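Participant: sequence first, predicted coordinates after that:
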Amino acid sequence: MSNEASIISKVWSLANVLRDDGVGYGDYLEQITYLLFLKMAEEMSKPPYSKKITLPRLKDVSGKEIKNGEICNWENLSSKNGAELESFYSQLLRTLSTEKGMLGQIFTKSQNKIQDPAKLLKVIDLIDKEQWTMMGADLKGKIYEGLLEKNAEDTKSGAGQYFTPRALIKAMVECVRPEPMHTICDPACGTGGFFLASYDFIVNNNKLNKEQKEFLKNKTFYGNEIVANTRRMCLMNMFLHNIGEIDGESFISSADALISDEGTRYDYVVANPPFGKKSSMTFTNEEGEQEKEDLVYNRQDFWATTSNKQLNFLQHIRTLLKTTGQAAVVLPDNVLFEGGAGETVRKELLKTTELHTILRLPTGVFYKQGVKANVLFFDNRPASKEGWTKEIWFYDYRTNIHHTLKKDPMKLEDLKDFIKCFNPENRSKRKETWSTKNTEGRWRKYRYEEILERDKTSLDIFWLKDKSLADLDNLPDPDILANEIIEDLEAGLENFRELMATINGGEGG
């Protein structure tokens with residue numbers, strides 16, 4: 001067994017042992033993150049790196065340094081066992097959670113979830129046996145990304161909503177083709193998938209000089225992630241892929257991206273904002289009951305004021321772009337057809353940017369069931385009297401396409417035809433595959449005038465025939481059909497909940 005396979009196997013076997021003990025993948029991943037960070041900080045402080053990394057001494061609950069308290073480092077942690085180990089580890093986590101920069105962000109709200117000191121010692125020993133800083137970023141990244149994906153598959157944890165399938169991310173990045181010395185933002189960055197795919201694309205397609213490498217490592221990526229645990233995983237994932245410094249500042253903000261325009265503009269925005277139509281906050285009323293209140297962001301730079309989370313993200317992303325900026329964003333179907341604020345946002349987007357491509361995605365792609373989503377590609381443009389969008393190209397990868405997460409997940413290979421049609425090297429030379437002679441073609445353009453004539457300026461466009469409706473012999477496998485029925489029911493329930501929530505004046509459970 002190769003060294004790579006051996007390490008991956010050990011990490012997984014330990015995850016399974018702990019799972020039997022009631023420690024889920026999410027909790028295991030958290031602890032691996034804390035421990036890996038400390039081990040790598042230890043390695044970086046020694047030759048050949050000899051980096052000066054200052055870690056604090058243990059503090060008490062009030063935040064005061066404990067007299068003769070030990071330093072919160074790997075050496076002190078790995079030398080203990082039993083009750084002493086459990087006690088020191090808990091104090092260490094509490095102490096580091098109050099620090100600034102990347103350190104504080106990694107350890108925010110950290111807790112020891114492995115209550116059995118013997119099991120904790122096993123995880124420490126596993127990490128202690130390897131030289132992680134000497135290991136290639138590919139291998140470290142593969143181990144961590146594997147854990148993130150496994151965690152996303154655990155439907156009970158809900159972690160899937162922060163994990164965008166990597167095949168889709170890679171396809172989006174291949175179309176955008178980010179360049180060196182340009183900034184990339186994701187205002188809802190989850191576990192950092194878009195950053196990593198962009199990093200890989202830049203490294204694999206350019207011969208970088210020293211200045212470009214430094215810019216890529218420390219000045220390219222910026223994002224927001226409000227969930228502390230997900231933000232921690234994103235930072236660690238990036239760090240293991242050689243992005244950022246162990247003692248540097250965090251480039252992932254914990255602030256809600258939608259609250260205000262911070263004023264910074266970026267060359268690229270690639271994102272998959274969270275699912276769920278409404279933005280809301282939970283509060284406790286005078287009777288002590290929990291209630292939800294819809295969040296409406298009142299921003300001068302927005303075209304429409306709405307509690308629809310996706311419409312707000314779309315408006316915010318347009319604000320984030322430089323005048324020459326490019327965006328690729330995953331958005332659900334409601335953004336394409338909803339009236340009122342939705343129509344206002346679509347009309348303004350067509351006027352102020354060049355919305356050039358829409359990829360229509362099938363169900364069975366995301367970890368939240370029943371999601372019907374699309375990728376919108378648009379380029380920002382300077383202010384002009386005339387609208388910038390002249391035509392929109394649609395690729396229908398939904399009609400007659402069937403994917404399931406476990407048995408037939410979407411692969412990058414499945415989107416190669418779309419990337420070819422997109423023609424990222426020269427978009428002016430695109431050719432439709434649909435015609436009156438070839439009505440099966442998935443790639444078709446619509447002129448701006450045709451879009452304006454549609455009810456509510458709807459972009460919810462399909463032209464292919466659904467074969468399963470016309471041909472009973474062509475029905476997909478029973479398990480795919482069952483999954484589609486479940487997804488349709490889930491989507492219907494979600495819509496019904498939103499309707500009830502609107503009637504009752506809240507968002508509902």
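Facilitator: Yes, it's here.
Participant: now Q212: how far from K80?
Facilitator: Distance of Q212 to K80, given as Cβ to Cβ, to the nearest Å: 44 Å. (C-beta placed from N, C-alpha, C; glycine too.)
Participant: which elements pack onto whichever strand or helix holds N312?
Facilitator: For N312, the enclosing helix or strand under DSSP states H and E is helix 309-320. With contacts taken as 3 or more Cβ pairs under 8 Å, 6 or more residues apart in numbering; DSSP states H and E, helix 309-320 sits against strand 266-271, strand 321-332, helix 334-337, helix 341-352, strand 373-380.
Participant: give the other helices and strands that the second one contacts.
Facilitator: Which is strand 321-332. Using 3+ Cβ pairs under 8 Å, 6+ apart, strand 321-332 is in contact with helix 166-176, strand 266-271, helix 309-320, strand 373-380.
Participant: distance to E348 and mean pLDDT for those - can I get that in CSV?
Facilitator: Formatted as CSV, the helices and strands packed on strand 321-332 follow (distance: least, Cβ to Cβ, whole Å; pLDDT from 0 to 100):
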stretch, distance to E348, mean pLDDT
helix 166-176, 22, 96
strand 266-271, 17, 98
helix 309-320, 8, 97
strand 373-380, 12, 97
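Participant: Throw these into CSV and include mean neighbour count and distance to K46, thanks.
Facilitator: Listed next are the helices and strands packed on strand 321-332 as CSV, based on neighbours: other Cβ atoms under 10 Å; distance: least, Cβ to Cβ, whole Å:
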stretch, mean neighbour count, distance to K46
helix 166-176, 22, 34
strand 266-271, 25, 37
helix 309-320, 24, 40
strand 373-380, 22, 45
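Participant: any chance of these in a markdown table, with distance to G364 too?
Facilitator: Listed next are the helices and strands packed on strand 321-332 as a markdown table, based on distance: least, Cβ to Cβ, whole Å:
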| stretch | distance to G364 |
| --- | --- |
| helix 166-176 | 12 |
| strand 266-271 | 21 |
| helix 309-320 | 20 |
| strand 373-380 | 11 |
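Participant: quick one on the thing from earlier: now the helices and strands packed on helix 309-320 as CSV including distance to L235?
Facilitator: Output for the helices and strands packed on helix 309-320, formatted as CSV (distance: least, Cβ to Cβ, whole Å):
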stretch, distance to L235
strand 266-271, 17
strand 321-332, 22
helix 334-337, 29
helix 341-352, 32
strand 373-380, 26
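Participant: nearest to W303, out of the ones you listed?
Facilitator: W303 sits nearest to helix 341-352 of all these, at 4.2 Å, using Cβ to Cβ.
Participant: how far does that closest one sit from its chain's centre?
Facilitator: Chain-centre distance of helix 341-352: 25 Å, with Cα atoms, centre = their mean, to the nearest Å.
Participant: and if you look at stretch 166-183?
Facilitator: The answer for stretch 166-183 is 14 Å, by Cα atoms, centre = their mean.
Participant: and for stretch 239-253?
Facilitator: Centre-to-centre, stretch 239-253 and its host chain are 17 Å apart (Cα atoms, centre = their mean).
Participant: and what of stretch 423-439?
Facilitator: Taking mean C-alpha positions (Cα atoms, centre = their mean), stretch 423-439 and its chain are 30 Å apart.
Participant: ends of it, how far apart?
Facilitator: 21 Å (Cα to Cα, to the nearest Å).
Participant: cool, and stretch 242-250?
Facilitator: 14 Å.
Participant: next: stretch 398-416.
Facilitator: The first-to-last residue distance of stretch 398-416 comes to 15 Å (Cα to Cα).
Participant: and S458, what are its phi and psi?
Facilitator: When read as degrees, to the nearest 10, the backbone of S458 gives phi -70, psi 140.
Participant: what is the burial count for C185?
Facilitator: When neighbours are defined as other Cβ atoms under 10 Å, C185 has 27 of them.
Participant: touching, T305 and Y297? I think so.
Facilitator: Yes - using Cβ atoms under 8 Å, T305 is in contact with Y297, at 7.4 Å.
Participant: of those two, who's got more company?
Facilitator: Higher neighbour count among T305 and Y297: Y297, with 17 against 14, using other Cβ under 10 Å.
Participant: would you agree that one falls within a strand?
Facilitator: No - assignment of Y297 by DSSP: H, G, I helix; E, B strand; the rest coil gives coil, placing it outside any strand.
Participant: show the pLDDT at it.
Facilitator: pLDDT, Y297: 85.
Participant: output the below-cut-off pLDDT ranges for the stretch 51-200 of the chain.
Facilitator: For the stretch 51-200 of the chain, the stretches flagged by pLDDT under 70 are 154-159, 162.
Participant: and the strands in it?
Facilitator: 184-186 (DSSP state E, counting those that start in this stretch).
Participant: all helices of it, in order?
Facilitator: Counting by DSSP state H, counting those that start in this stretch, the stretch 51-200 of the chain has these helices, from start to end: 74-78, 82-96, 101-107, 117-128, 137-153, 166-176, 193-205.
Participant: what would these look like in TSV with distance to D21?
Facilitator: Shown next, in TSV, are the helices of the stretch 51-200 of the chain (distance: least, Cβ to Cβ, whole Å):
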stretch	distance to D21
helix 74-78	20
helix 82-96	15
helix 101-107	23
helix 117-128	6
helix 137-153	17
helix 166-176	29
helix 193-205	29
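Participant: quick one: which of the ones you listed is nearest T54?
Facilitator: For the helices of the stretch 51-200 of the chain, proximity to T54 was assessed by Cβ to Cβ; helix 101-107 is nearest, at 9.5 Å.
Participant: touching that closest one from outside, list them.
Facilitator: Residues outside helix 101-107 that contact it (Cβ atoms under 8 Å, 6 or more residues apart in numbering): 33-34, 37, 55, 93, 96-99, 231-232, 235-236, 239, 244-250, 252, 254.
Participant: kindly report the same for stretch 413-433.
Facilitator: Stretch 413-433 is contacted by residues 167-168, 171, 174-177, 356-357, 359, 377, 393, 395, 397, 403, 441-445 when judged by Cβ under 8 Å, 6+ apart.
Participant: please parse the chain into its domains.
Facilitator: With automatic domain parsing as the criterion, the domains of the chain are listed as 3-145, 274-308+320-509.
Participant: what's the least confident stretch among those?
Facilitator: domain 274-308+320-509 (a mean of 84).
Participant: taking the centroid of this structure, which residue is nearest it?
Facilitator: Here the mean C-alpha position of the chain is nearest to the C-alpha of G190 (Cα atoms, centre = their mean), at a distance of 3.6 Å.
Participant: my guess is that residue meets G160, correct?
Facilitator: No - the pair G190 and G160 fails to qualify as a contact (Cβ under 8 Å) at a distance of 10.0 Å.
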